[in-house]
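Engineer: Okay, sequence plus prediction incoming.
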Amino acid sequence: MTNILKAYKMGHIKEPDGVDFIINGKPLTDKEKKAISEFIKADKEKIARQKLRKAKTSDNKKIVTA
């Protein structure tokens, strides 16, 4: 499965007056649902690790003055 979630950023498409966009997407298969769930879980864990690492480095950089 190709990772299309990180490759492209989604933007807002404004509907012109008098035009309706109708999107008929096909339902996801169980395999696709599982792949998306695993990707989201891994991404959340990565972000949590980055926040934890950032917090640790900011604690180490505190300046002590006498």
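Structural biologist: Right, received. Where do you want to start?
Engineer: quick one: the single longest helix found in the chain to chain centroid distance?
Structural biologist: Longest helix of the chain, by residue count under DSSP state H: helix 30-60. Helix 30-60 sits 9 Å away from the centroid of its parent chain (C-alpha atoms, centre = their mean, to the nearest Å).
Engineer: what is the mean pLDDT for that helix?
Structural biologist: Averaging pLDDT along helix 30-60 yields 88.
Engineer: Use 36 as the first number from now on
Structural biologist: I'll keep to 36 as the first residue from here, and by that count the last item is helix 65-95.
Engineer: Check which helices and strands that helix is in contact with.
Structural biologist: Judged by 3 or more C-beta pairs under 8 Å, 6 or more residues apart in numbering; DSSP states H and E, helix 65-95 has no packing partners among the helices and strands. C-beta here means a position set from N, CA and C on the backbone, and glycine is covered the same way.
Engineer: Grab the nearest non-local neighbour of Ile71.
Structural biologist: Leu63 (7.4 Å; C-beta to C-beta, 6 or more residues apart in numbering).
Engineer: Three-state assignment for that neighbour, please.
Structural biologist: Judged by DSSP: H, G, I helix; E, B strand; the rest coil, the three-state class of Leu63 is coil.
Engineer: and it, how many neighbours?
Structural biologist: By other C-beta atoms under 10 Å, 11 other residues sit near Leu63.
Engineer: Name all residues that make contact with Ile48.
Structural biologist: By C-beta atoms under 8 Å, 6 or more residues apart in numbering, the residues touching Ile48 are Phe56.
Engineer: Pull up the gap between Gly60 and Glu80, please.
Structural biologist: The gap separating Gly60 from Glu80 is 28 Å, by C-beta to C-beta, to the nearest Å.
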